[in-house]
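1. structure here, sequence nowhere to be found:
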Ligand code: HEC
Ligand code: HEC
């Protein structure tokens, strides 16, 4: 009898350990896959300093998956942020936080990040980039050349649209063309609570172009070789 009991106790102990182990794996999964804002906040580190891996766990479910698509306000690939300049990433996150950028999901992400967390996450994504770039830039066709000329895009976004003149300006070469198009259109949208971006500079520029022209610009810039990429994360490390 005692032997049986001891055996059962042992069995329960190992069963319990197994349950705890699987619960732990499960508890980590939603942070990466459902992106519940703040889900990693109550992690085992207990509110103290979180590792950078825990912080970016809130991002990789969308930005770390090749070809991952957003469906609002239309279907497009989520922007590549690995290799983007850190100062621009912080500026963009702050624009979601203040509401200058209206995208609802990214607003809720921006809202839960402190300035310090934004800085650490942005530095992490900048470090992941710097993919070597093909020096030969394919020439745009005459229509696109005229559009690029009209708003002097390279005067701010820099050589090959990859060397912005200010680190708070984005690298745009090689970014997903469908995202570039959505972004360009969004600068035209005003007075909509869930759509659009307020930005004096890009607002004035985008409004000079029809959507068909913005699409031609986005397709050309997206076709260039750039420093941006999607860096998939190892799920378990
Ligand atoms: C649920 C999916 C999702 C999650 C999770 C998510 N993002 Fe985003 N992110 C998006 C989408 C979609 C956009 C484009 C929004 C828009 O149109 O402005 C975006 C835009 C951005 C941009 C602007 C990029 C640019 O080129 O202007 C940055 C920076 C960014 N996200 C960083 C992050 C960081 C950092 C995290 C984690 C803390 C994160 N995102 C989590 C979907 C997501
Ligand atoms: C005077 C400087 C300037 C000029 C000229 C300019 N841009 Fe921009 N661009 C910016 C700045 C600054 C931002 C960031 C705005 C923000 O915070 O949303 C930006 C953002 C963008 C974005 C959004 C990128 C992203 O990752 O979300 C795209 C796309 C873009 N510009 C394309 C263009 C194109 C195409 C042209 C020419 C037709 C152009 N820009 C001309 C300064 C400029």
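-> Received it, and whenever you're ready, just let me know what you need. Computed from a predicted model, the values in this text were never measured in an experiment. Ligands and ions are numbered 1, 2, ... in the order given.
2. who in the chain is up against ligand 1?
-> Residues of the chain lying close to ligand 1 by CB under 6 Å from any ligand atom are 35, 58-59, 61-63, 70, 78-79, 81, 89, 92-93, 101, 103, 105-106, 109, 121, 170, 182. Any C-beta I mention is one placed from the backbone N, CA and C, and that applies to glycine too.
3. can you pull out the strands in the protein?
-> 69-70, 76-77 (DSSP state E).
4. quick check: which of the ones you listed is nearest to ligand 2?
-> When the strands of the chain are compared by CB to the nearest ligand atom, strand 76-77 sits nearest ligand 2, at 11.3 Å.
5. tell me the mean pLDDT over that closest one?
-> In this model, strand 76-77 has a mean pLDDT of 98.
6. name the helices or strands packed onto it?
-> Other elements packing on strand 76-77 under the criterion 3 or more CB pairs under 8 Å, 6 or more residues apart in numbering; DSSP states H and E are strand 69-70, helix 177-186.
7. most tightly packed of the ones you listed?
-> Scoring the helices and strands packed on strand 76-77 by mean neighbour count under mean count of other CB atoms under 10 Å gives helix 177-186 as the most buried, with a mean of 21.
8. per-residue confidence at the residue nearest to residue 164 when sequence neighbours are not counted?
-> Counting by CB to CB, 6 or more residues apart in numbering, residue 158 is the residue found nearest to residue 164 once chain neighbours are left out, at 4.8 Å. Residue 158 carries a pLDDT value of 95.
9. residue 158 is in contact with residue 165, isn't it?
-> Yes - Residue 158 lies in contact with residue 165 (CB atoms under 8 Å); the separation is 5.7 Å.
10. more neighbours, the two?
-> residue 158 (17 against 11; other CB atoms under 10 Å).
11. for the protein, name the helix or strand with the lowest mean pLDDT.
-> The helix or strand of the chain with the poorest confidence is helix 2-33; it has a mean of 39 (mean pLDDT, DSSP states H and E).
12. what about this protein, any weak spots by pLDDT?
-> Within the chain, the segments meeting pLDDT under 70 span 1-48, 130, 135, 234-237.
13. look up how far ligand 1 lies from the nearest residue to residue 180 once chain neighbours are set aside.
-> Excluding the flanking residues, the one nearest residue 180 by CB to CB, 6+ apart is residue 218, at 3.7 Å. To ligand 1, residue 218 is 13 Å away according to CB to the nearest ligand atom, to the nearest Å.
14. near ligand 2, which residues of the chain show up?
-> Contacts of the chain with ligand 2, taken as CB under 6 Å from any ligand atom, map to 79, 91-92, 95, 151-153, 155-157, 169-170, 172, 175, 180, 183-184, 197, 199, 201-202, 205, 217.
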